[in-house]
Each structure stands twice: as C-alpha cells, then as structure tokens.
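Q: structural data only, the sequence is not supplied:
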Ligand SMILES: Cc1ncc(COP(=O)(O)O)c(C=O)c1O
C-alpha cells in the first residue's frame with residue numbers, strides 16, 4: 001500500500017471516529033461506568049462495538065433518543081423483535097391493562113389461547129404450538145422434539161444459518177463467533193451443508209438417512225446476510241426430507257415478519273416443525289415452537305401416557321402473550337404489505353445510489369429486511385457474505401450514527417410500520433452520503449467494488 005493510500009484510510013477512519021466521540025460523550029461516560037459491572041459494557045456480544053456502544057435513553061415510534069439528546073432513526077428495531085416502532089400505543093395499552101391483573105399465574109390462560117389460536121390460524125406449519133422465552137429456547141426444543149419423535153440423533157443445518165446460542169447450534173455458525181466452552185459431544189451429531197447447494201443436501205441426507213432426525217434451516221439466511229433461497233431450493237429440501245423420512249424444521253424466528261404466515265406461506269413450502277419469536281412477542285421476550293399435530297402430540301398428556309417433559313417458569317408469560325397478541329393483531333396483511341413496500345423503496349433507492357456512485361456492491365432484500373454487502377457479485381451463499389469488507393461495514397455503521405441513523409454494524413437494516421416514505425428517503429440519503437464519504441477509500445483499497 002502506498003503512503004497516499006494509508007493517508008486516505010487514516011484520514012477517513014480518524015474523521016469518522018472523532019465525530020462519533022464528539023457526538024456521543026455521555027454514552028462514553030456511561031460505558032465507562034457499566035464496564036465495571038458488565039464485561040465489555042454490553043450484556044449481548046452484538047451490542048458492543050468500538051470505540052464504545054451508544055446508550056439509548058428511550059424510544060418513540062421510528063426513533064430512539066440518546067442521553068446526549070440525539071434523535072436517531074432506529075433501523076435495528078431490536079434485531080427484528082420490534083415491528084411497530086417503539087412504544088406502540090396498542091401494545092403499551094395491552095401490557096398496562098394486563099399487568100395490573102398479574103403477570104404470570106403458572107396456569108393455562110386466555111392470553112395463551114388467543115395468541116396460540118392466531119399463530120395456528122396464520123402459519124401453515126402450526127397445528128399445535130408451545131411457548132418458550134427466546135428463539136434459542138425454541139430451536140432447542142424443536143430439535144429435542146424432532147429427536148424424541150423420530151428416535152434419531154443427528155441434525156443437519158446449513159452453513160450460515162443462525163439458530164441461537166445453545167450448544168449444538170452455536171458452534172461454527174458465524175465468522176468471528178467464539179464458541180469455546182462447547183463440549184465436542186454437543187456437536188458430534190450435527191451435520192452441515194452449504195445453503196442453496198442442492199446436491200450437497202441431497203447427498204448428505206441420503207447418506208445419513210437412518211440417523212438423521214431433522215434438517216433445520218432458515219427459509220433465507222437472516223443473520224447470515226439476508227441470502228435468499230435459489231428458485232426451487234426450499235421445494236427441493238422439502239422433497240428430499242420427505243422422501244427420506246426426515247423432519248424439516250423451518251426456523252422462522254427472523255423470517256416470520258415477511259408474511260403473515262411466514263416465509264413458508266410466501267414460498268408455499270410447509271415444514272414439519274417451525275420456530276418463531278421476535279415480532280411474535282410484540283417486543284417482549286418470546287419463543288414458539290410447534291408443528292404437525294401428530295408430532296406435537298408427544299407433549300400431550302391426553303394422547304400419550306408418557307408425554308415429553310417441557311416446562312419453564314416463564315413459559316406462556318401472560319403479559320408477553322398480551323403484548324404479542326396486540327402486536328400481531330395489527331400486523332395483518334395490510335400492515336405487512338405496507339412495511340414490505342417500504343423495504344422495496346429502500347432497495348430501489350440504494351440500487352440507484354450504488355449506481356450513481358459507480359459502485360458494484362450488493363443489497364439483499366426481502367420485505368422489511370435488507371442487508372448491504374461490500375461484495376461485487378450477487379450473493380447466494382454464506383461464503384460470499386464472509387467476503388464483505390469488514391472495515392467498510394465498521395466505518396459505515398459509525399458514520400451513519402454520526403448522521404442520525406442507528407443501525408446494525410454488519411449492514412443489516414430492519415424497518416418498522418412506524419416508518420413512512422420520509423424515513424426511507426432520509427435513510428437512502430444518509431447511506432448515499434456515507435458511500436460518498438467512503439469512496440476515496442474504496443477507490444484506493446477496494447477498487448474491485450467499482451463498476
Ligand atoms: C433465525 C433465528 N433463530 C434463532 C434466533 C435466536 O433467538 P433469540 O435471540 O431470541 O434467542 C435468532 C435471533 O436472531 C434468529 O434470527
């Protein structure tokens with residue numbers, strides 16, 4: 001690298017980092033206090049970024065407000081758990097009215113009935129469901145259900161698929177995720193094939209058919225970069241699993257929001273078991289696993305003498321049920337179409353911006369979810385996502401915060417129904433400005449990204 005190149009890189013990095021520190025001094029103070037009690041000053045790995053994370057005071061609608069008094073457009077939306085913006089009045093009302101009557105009674109409740117009925121009516125793969133408290137717990141129990149039902153141990157997952165943080169799925173899911181502490185025994189029954197690879201799936205399933213309980217997959221890689229299935233891929237997975245007597249689990253914890261019936265309805269492919277979470281709790285902690293009646297009957301005290309044990313202090317927490325029901329009742333076809341259209345508008349705006357800046361970079365979008373990648377060819381695999389330039393993501397993330405946009409460091413943008421065309425225009429403009437700011441660095445160091 002020439003001196004001139006180093007100069008440009010340093011200049012841009014310094015300018016963006018200094019502007020950030022200048023804009024968020026109170027966050028720095030709070031970070032320095034918190035780090036004395038929480039390692040890294042963040043209780044989830046993803047919330048930490050250098051030089052220090054922002055601290056948010058409160059949220060309202062499409063925006064969050066920092067302790068410095070800055071108003072930021074929130075395109076993280078709690079990593080997808082929030083779909084109606086912050087402080088949605090209907091959800092707030094449901095929680096307030098509900099909580100004064102008690103938050104959890106450890107019995108079946110009307111709230112569980114209402115939310116379970118709504119989910120089973122909407123999601124094709126749900127005949128029967130059970131509630132848990134996080135997506136991680138939902139996939140853990142979906143796998144246990146599949147193993148208990150089939151009497152087989154092995155599970156096949158897709159490279160780049162994310163299914164939470166429990167031992168058997170956490171290992172090797174993502175770049176830079178350290179999974180020390182997971183005993184080998186927890187992963188020896190896990191197999192992996194690349195997403196969108198028709199042959200690898202078929203071959204692995206056939207070779208292990210007698211030991212495989214299930215294939216678990218996201219209909220599209222969500223956390224793995226919004227990588228969509230190639231035409232016919234989901235149908236192929238469905239056929240290969242059915243032909244070989246293996247259960248198919250769709251993890252729709254992230255993808256559910258693209259359609260009232262999840263991606264399975266959108267693509268017309270129904271799995272045997274499904275997990276959902278995030279938006280389904282209206283912004284409160286939830287996980288749900290469920291599936292075909294004959295499979296889920298292994299939990300049913302009235303259908304079997306020895307039901308599979310599944311309990312949890314907070315399962316079916318009544319306040320969460322009320323929040324989830326309020327959120328989903330208004331996340332109907334019209335609301336989904338509305339927020340998905342905002343997603344299309346964002347996509348169109350970004351594609352124009354890439355072109356006008358002479359950039360050959362990618363934007364993978366479905367509905368209200370979009371991931372920008374600093375990669376110069378269309379992305380259909382998890383491996384390509386790993387090629388995206390981390391330095392550019394880091395700089396874009398900080399620079400967008402400086403410009404009033406709170407986003408996820410790896411280029412993922414998550415929209416909400418609280419947004420309008422005005423927010424999308426603002427977002428497109430600020431991303432465009434940031435790309436212009438990064439252009440000299442791209443020209444010098446990453447010129448394979450130029451048209
Ligand atoms: C597809 C998918 N599965 C599982 C999880 C884990 O959910 P949770 O973070 O609620 O444990 C996530 C979270 O991002 C997810 O996107």
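A: Cool, got the structure. Note that this is a predicted model, so its numbers are computed, not measured. Residues are numbered from 1 along each chain as shown.
Q: buried residues, stretch 375-383. List them.
A: Of all the residues in stretch 375-383, those buried under the rule 16 or more other CB atoms under 10 Å are 375-376, 379-382. All C-beta atoms are positioned from the backbone trio N, CA, C, and that covers glycine.
Q: please apply the same query to stretch 360-367.
A: 361-367.
Q: contacts with the ligand among the residues you listed, please.
A: Checked against the ligand using CB under 6 Å from any ligand atom, these yield no neighbours at all.
Q: before we move on, back to that, now the buried residues of stretch 375-383 as a markdown table including pLDDT?
A: Shown next, in a markdown table, are those (pLDDT from 0 to 100):
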| residue | pLDDT |
| --- | --- |
| 375 | 98 |
| 376 | 98 |
| 379 | 98 |
| 380 | 97 |
| 381 | 96 |
| 382 | 94 |
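Q: farthest pair within those residues?
A: Using CB to CB, those span at most 17.1 Å, a distance reached by 376 and 382.
Q: between the buried residues of stretch 360-367, which is closest to the ligand?
A: Closest to the ligand out of these is residue 366 (13.4 Å), distances taken as CB to the nearest ligand atom.
Q: got the confidence number for the closest one?
A: Predicted confidence (pLDDT) for residue 366: 98.
Q: for it, grab phi and psi.
A: phi -140, psi 120 (degrees, to the nearest 10).
Q: what about the buried residues of stretch 360-367, which are in strands?
A: Counting by DSSP state E, these place 362-366 in strands.
Q: the strands in the stretch 1-150 of the chain, which residues?
A: Secondary structure of the stretch 1-150 of the chain (DSSP state E, counting those that start in this stretch): strands located at 56-60, 63-66, 71-74, 128-132.
Q: meant to ask about the stretch 251-400 of the chain, not that
A: So, for the stretch 251-400 of the chain - with DSSP E, counting those that start in this stretch - the strands run 273-277, 287-291, 362-366, 369-373.
Q: export these to a markdown table and tack on distance to residue 312?
A: Converted to a markdown table, the strands of the stretch 251-400 of the chain look like this (distance: least, CB to CB, whole Å):
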| stretch | distance to residue 312 |
| --- | --- |
| strand 273-277 | 14 |
| strand 287-291 | 10 |
| strand 362-366 | 32 |
| strand 369-373 | 29 |
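Q: mind listing what the nearest residue to residue 94 once chain neighbours are set aside touches?
A: The spatially closest residue to residue 94, leaving aside those adjacent along the chain, is residue 326, at 3.7 Å (CB to CB, 6 or more residues apart in numbering). Neighbour list for residue 326: 88, 90-91, 93-95, 282 [criterion: CB atoms under 8 Å, 6 or more residues apart in numbering].
Q: any weak-confidence spans in the stretch 351-451 of the chain?
A: Across the stretch 351-451 of the chain, nothing is flagged by pLDDT under 70.
Q: spell out which residues of the stretch 351-451 of the chain are next to the ligand.
A: Counting by CB under 6 Å from any ligand atom, no residue of the stretch 351-451 of the chain sits close to the ligand.
Q: what number of residues lie near residue 40?
A: 14 (other CB atoms under 10 Å).
Q: my error: substitute residue 436 in the last question.
A: Neighbours of residue 436 using other CB under 10 Å come to 12.
Q: three-state assignment of it?
A: At residue 436 the chain is in helix, as set by DSSP: H, G, I helix; E, B strand; the rest coil.
Q: just residue 156 next, same as before
A: strand.
Q: wait, doesn't it sit right on residue 189?
A: No - counting by CB atoms under 8 Å, residue 156 does not reach residue 189; the two are 10.0 Å apart.
Q: ok, those two, which is more surrounded?
A: Shown here are residue 156 and residue 189; by other CB under 10 Å, residue 156 has more neighbours (24 against 17).
Q: tell me the bridge partners for the more buried one.
A: residue 191, residue 215 (DSSP bridges).
Q: which ones are touching it?
A: By CB under 8 Å, 6+ apart, residue 156 lies in contact with 190-193, 201, 204-205, 208, 212, 214-216, 246.
Q: just the buried residues from these, in PyMOL please.
A: Selection of buried members from those for PyMOL, criterion 16+ other CB under 10 Å:
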select buried, resi 190+191+192+193+201+204+205+212+214+215+216+246
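Q: list just the nearest of the contacts of residue 156 to the ligand.
A: Of all those, the ligand sits closest to residue 216, with 9.4 Å by CB to the nearest ligand atom.
Q: do you know how far that closest one is from residue 374?
A: Distance check for residue 216 against residue 374: by CB to CB, to the nearest Å, it reads 29 Å.
Q: what do you get for residue 191?
A: 31 Å.
Q: now do residue 162
A: Distance from residue 162 to residue 374, by CB to CB: 20 Å.
Q: what about the residue in the chain positioned nearest to the ligand, distance to residue 313?
A: Closest contact between the chain and the ligand, by CB to the nearest ligand atom, is at residue 135 (2.1 Å). Distance, residue 135 to residue 313, using CB to CB: 18 Å.
Q: so the two - more neighbours on which side?
A: Neighbours were counted for residue 135 and for residue 313 using other CB under 10 Å; residue 135 has more, 30 against 8.
Q: give the contact list for the more buried one.
A: By CB under 8 Å, 6+ apart, residue 135 lies in contact with 163-164, 251, 253, 275, 277-278, 287.
Q: mind running it again at 7 Å?
A: Residue 135 makes contacts with 164, 253, 275, 277-278, 287, as judged by CB atoms under 7 Å, 6 or more residues apart in numbering.
Q: name the residues of the stretch 1-150 of the chain found near the ligand, please.
A: 79, 134-136, 139.
Q: same thing but at 8 Å, please
A: 79-81, 134-139 (CB under 8 Å from any ligand atom).
Q: ok, now the stretch 201-350 of the chain?
A: Contact residues (CB under 8 Å from any ligand atom) of the stretch 201-350 of the chain with the ligand: 218, 222-223, 251-255, 275, 277-278, 285-287.
Q: how about those in a markdown table, adding pLDDT and neighbour count?
A: Output for those, formatted as a markdown table (pLDDT from 0 to 100; neighbours: other CB atoms under 10 Å):
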| residue | pLDDT | neighbour count |
| --- | --- | --- |
| 218 | 98 | 26 |
| 222 | 97 | 27 |
| 223 | 94 | 22 |
| 251 | 98 | 30 |
| 252 | 98 | 30 |
| 253 | 98 | 32 |
| 254 | 98 | 28 |
| 255 | 98 | 25 |
| 275 | 99 | 32 |
| 277 | 98 | 28 |
| 278 | 98 | 27 |
| 285 | 98 | 17 |
| 286 | 98 | 30 |
| 287 | 98 | 27 |
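Q: what's the most distant pair in the residues you listed?
A: Top of the distance list for these (CB to CB): 218 and 285, 19.9 Å.
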